[in-house]
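Engineer: please work out how this folds:
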Amino acid sequence: MSSLEIKFLGATREVGRAAIAVKTEKTQVLLDYGVMLNHEPGFPMHVPPKDVDAIILGHSHLDHSGAVPVFFIQGKKPVYANKLTAELSQLLISDFIHLSSYYLPYEYLELRAMMRSVKHVDFGVKETIGDMTLELHNAGHIPGSAQVLIEADGRRILYTGDFNILDTRLLEGAKMDYGDLDAVIIESTYANEDHPERMELEKRFVEDVTDVVEKGGTVLVPAFSIGRSQEIICILAAHHFEHPVYLDGMAREASRVMMNYARFLRDPKLFMDAVHSVNWVEGWRDRRKATKMPCVIVSPAGMLKGGPAMFYISKVGKKANNAVFLVSYQIPGTPGRELLEKGMCVIDGKMRKIKANVKHFDFSSHCGAKELKEAVRKIDGKAKVYVVHGAEGNCDLLAKWVKEEAGLEAAAPKPGDTFKV
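Structural biologist: Here you go, the predicted model:
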């Protein structure tokens, strides 16, 4: 039996630029190829395009998809993804090119070439690439997100990607029943913390939102445009929230795309009801109107790094009877994190105190520590576990737990580390 090689090109001991190469004697595929979104984008380690047979894209977030167009600068490669992931990636990468004030190695032309090279793979359907087979399974992270199961040389490798095993309003959780596995590549974003119980959190969120609106205030909910915005409008619909809800920014486009792929959602009827009951902000008149009335405004960017949310906070933030409810993870150094920690935000070019009530609700689309451990316990066979996609020691933390408590071999790879399976 020849050996299978896994090389870690990114997302090692960090969150961002996810990229992993899996190689047999005849075939090499890349699992994701994303960017690191700091002040300027960081890319994964380089792979000569001539050595790559295909790219398998787990989900659309830029830290997993944003560097894929690099492979279309001087040629093309098949990109395996489901239709929803492909369309949402196009939306995000196109926006990324549009907003990039810095040099990117590719342009719209490469993105178009990438979209023409997508091979659509539905969940649970086996595809063959050279001497490998691949299957995508629901990852429960954002609509369309997939875990990748690769079989080659009699070995089975699971790449979890970003995943969540708990059901949310929007999605069913990942099932994790894969039979015997030889290797598992697992994320560790929240290896050091648990998320609050979902139903409790929803109840508290809806009660707090209702309270503000019924006293005549406006609630701004800065949210990621793919996944979190739709989750929030579904939660409000599920709890029969009766006041006006406005949806703005790229969240509208993303919702339009998802309407065509309702089969990927846990409760398509709830989603359609939610989408049809919100007001779509079509321009500046709607925006100004929304800030002057008791309502909820759901708008990107989730960390206040741009998007219409910047305009809204300059209006909503000035009054004590309003609220800003953050529902997305806030990376240190982002305006959202500053707002949470210091109650300040840049308005009209100046750092100002925000008078509105600021709160954070942890509606995560990743497994918390408890769920990560539960997922590891579901692994059959004597799999080697490789821990990626975690910052501040989380990769090491989970790898240590896997070794000591789950009794499996585990490692937290560094960039460029190669393992034989």
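Engineer: in what helix or strand does Leu9 lie?
Structural biologist: Under the criterion of DSSP states H and E, Leu9 resides in strand 5-10.
Engineer: following element in sequence after that strand, please.
Structural biologist: strand 19-23.
Engineer: check the offset of that following strand from the chain's centre.
Structural biologist: On the basis of Cα atoms, centre = their mean, to the nearest Å, strand 19-23 sits 20 Å off its chain's mean C-alpha point.
Engineer: that strand pairs with which strands, parallel or anti?
Structural biologist: strand 5-10 (antiparallel), strand 28-33 (antiparallel) (DSSP bridges).
Engineer: next, give phi and psi for Asp380.
Structural biologist: phi -90, psi 160 (degrees, to the nearest 10).
Engineer: in contact with it: list those residues for me.
Structural biologist: By Cβ atoms under 8 Å, 6 or more residues apart in numbering, Asp380 lies in contact with Tyr178, Gly179, Asp180, Leu181. Quick note: C-beta positions are derived from backbone N, CA and C, even for glycine.
Engineer: over to Lys76?
Structural biologist: Ala113, Met114, Arg116, Ser117.
Engineer: from those residues, pick the one nearest His98.
Structural biologist: Among those, Met114 lies closest to His98 (Cβ to Cβ), at 15.9 Å.
Engineer: if you count neighbours, what's buried in the host helix or strand of that closest one?
Structural biologist: Assignment of secondary structure by DSSP H and E places Met114 within helix 108-116. Across helix 108-116, burial judged by 16 or more other Cβ atoms under 10 Å covers Glu110, Leu111, Ala113, Met114, Met115.
Engineer: now do the most centrally placed residue in the chain against Ser365, distance only.
Structural biologist: By Cα atoms, centre = their mean, the chain has its centre lying nearest to His61, at 4.9 Å. Between His61 and Ser365 the computed distance is 10 Å (Cβ to Cβ, to the nearest Å).
Engineer: so what's the residue count around Lys378?
Structural biologist: Look at Lys378: counted by other Cβ atoms under 10 Å, it has 13 neighbours.
Engineer: which SS class is the closest residue to Glu14 other than its chain neighbours?
Structural biologist: Spatial nearest neighbour of Glu14, excluding adjacent residues (Cβ to Cβ, 6 or more residues apart in numbering): Ala391 at 5.7 Å. The local conformation at Ala391, judged by DSSP: H, G, I helix; E, B strand; the rest coil, is coil.
Engineer: so Ala391 sits right up against Val15, yeah?
Structural biologist: Yes - Ala391 lies in contact with Val15 (Cβ atoms under 8 Å); the separation is 4.9 Å.
Engineer: returning to that earlier point: return the member of the contacts of Lys76 nearest to Phe43.
Structural biologist: Using Cβ to Cβ, these come closest to Phe43 at Met114, 15.4 Å.
Engineer: ranges for the strands of the stretch 101-250 of the chain?
Structural biologist: Assigned by DSSP state E, counting those that start in this stretch, the stretch 101-250 of the chain shows strands spanning 118-120, 127-129, 132-138, 146-152, 155-159, 183-187, 218-222, 245-247.
Engineer: among those strands, which is nearest Pro300?
Structural biologist: Of all the strands of the stretch 101-250 of the chain, strand 218-222 comes closest under Cβ to Cβ, at 7.0 Å.
Engineer: would you give the sheet partners of the closest one, along with the direction of each?
Structural biologist: So strand 218-222, judged by DSSP bridges, has these partners: strand 295-299 (parallel), strand 323-326 (parallel).
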